[in-house]
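A.B. asks: Below are the sequence and a predicted model; questions follow.
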Amino acid sequence: MSLSWGFWQEETRCRASEESDKFMEEILSFNTEFNLLVDRQGVVENRSRAEIQAMEMEEDLLNTEMEHMAQGHMGIRSLQAERMALQEELSQLERHVEGQGSQRAIMP
């Protein structure tokens, strides 16, 4: 019985070793396929470049948005100036009409 127990243990060790080797080969193959064994520094540099590029794009978008807001603000100022000019013109016309009305009241 001890002979068969020893045989079984040896066979189990052998299978475990084969499974371990097979597993390691699969891991290596997977890592190679998905470039997981690349230099870490290169990965960090690539990620940093990507983040910098994303931030630069965000900066460009914010600058564009600020330009649009400034143009809108200038448009509002222009409209306000036009409104003030029209109000002044209206006031002058009202004074002119009032002046005409008071002159007619004085004249018979």
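C.D. replies: The structure has been received and is ready for your questions.

A.B. asks: Distance of residue 45 relative to residue 39?
C.D. replies: Distance from residue 45 to residue 39, counting by C-beta to C-beta, to the nearest Å: 9 Å. C-beta here means a position set from N, CA and C on the backbone, and glycine is covered the same way.

A.B. asks: For stretch 42-52, give the mean pLDDT please.
C.D. replies: For stretch 42-52, the mean pLDDT works out to 87.

A.B. asks: swap in stretch 13-24?
C.D. replies: The model assigns stretch 13-24 a mean pLDDT of 90.

A.B. asks: By mean pLDDT, flag the weakest helix or strand of this protein.
C.D. replies: When each helix and strand of the chain is scored by mean pLDDT, DSSP states H and E, helix 2-33 comes last, with a mean of 83.

A.B. asks: Residue 45 and residue 39: which has the busier surroundings?
C.D. replies: Counted by other C-beta atoms under 10 Å, residue 45 and residue 39 do not tie: residue 45 has more neighbours, with 11 against 8.

A.B. asks: Which helix or strand contains that one?
C.D. replies: Secondary-structure element containing residue 45, defined by DSSP states H and E: helix 40-106.

A.B. asks: Which neighbouring elements make contact with that helix?
C.D. replies: The helices and strands touching helix 40-106, judged by 3 or more C-beta pairs under 8 Å, 6 or more residues apart in numbering; DSSP states H and E, number zero.

A.B. asks: Kindly report the domain assignment for the protein.
C.D. replies: Here the domain parsing of the chain from automatic domain parsing is 1-37, 39-108.
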